[in-house]
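Asks: would you be able to build a 3D model of this:
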Amino acid sequence: MPKMKSVKGAVKRFKVKKSGKIKRGTAFRSHILTKVDGASHRSMRSPKYVSSADSAKIKEMIN
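Replies: Numbering: from 1, shown residues only. Here you go, the predicted structure:
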């Protein structure tokens, strides 16, 4: 039986860290950020992780 292919869109968007958490990007970060207030703009810098409910499904897509 052939190997299962990984979902290439998921591979490009997520990264599994050593702890097992899955790192993700922040939404609304591409352009027109002058309208965004400073606090939410600063919070976009910090790393974001996928919730534990979704992490099993994403790990399945990546591997």
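Asks: show me the longest helix that occurs in this structure.
Replies: helix 52-62 (DSSP state H).
Asks: strands along this structure, start to end?
Replies: In the chain, the strands defined using DSSP state E lie at 15-16, 22-24, 48-49.
Asks: list the contacts for residue 20?
Replies: Counting by C-beta atoms under 8 Å, 6 or more residues apart in numbering, residue 20 touches no other residue. Heads up, the C-betas are built off the backbone N, CA and C, glycines and all.
Asks: buried sites along the longest helix of the chain?
Replies: Within helix 52-62, the residues that count as buried by 16 or more other C-beta atoms under 10 Å are 55, 58, 61-62.
Asks: now those in TSV, with distance to residue 39?
Replies: Shown next, in TSV, are those (distance: C-beta to C-beta, whole Å):
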residue	distance to residue 39
55	27
58	28
61	33
62	32
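Asks: with distance to residue 43 and pLDDT added, can I get these in TSV?
Replies: Shown next, in TSV, are those (distance: C-beta to C-beta, whole Å; pLDDT from 0 to 100):
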residue	distance to residue 43	pLDDT
55	21	96
58	22	96
61	27	95
62	26	93
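Asks: neighbours of the closest residue to residue 63 other than its chain neighbours, just the number please.
Replies: Nearest non-adjacent residue to residue 63, counting by C-beta to C-beta, 6 or more residues apart in numbering: residue 6, 6.4 Å away. Residue 6 has 12 neighbours, counted by other C-beta atoms under 10 Å.
Asks: of the strands of the chain, which stretch is the most buried?
Replies: For those, average neighbour numbers computed from mean count of other C-beta atoms under 10 Å are highest in strand 22-24, which has a mean of 17.
Asks: quick one: the residue lying closest to residue 41 once chain neighbours are set aside from residue 16, how far?
Replies: Of all residues not flanking residue 41 in the chain, residue 33 sits nearest, at 6.1 Å (C-beta to C-beta, 6+ apart). With the distance defined as C-beta to C-beta, to the nearest Å, residue 33 ends up 29 Å from residue 16.
Asks: so who does residue 17 touch?
Replies: By C-beta under 8 Å, 6+ apart, the contact set of residue 17 is residue 23.
Asks: who does the residue nearest in space to the middle of the chain form a beta bridge with?
Replies: In the chain, the residue lying closest to the centroid (C-alpha atoms, centre = their mean) is residue 24, at 1.6 Å. Beta-bridge partners recorded for residue 24 (DSSP bridges): residue 48.
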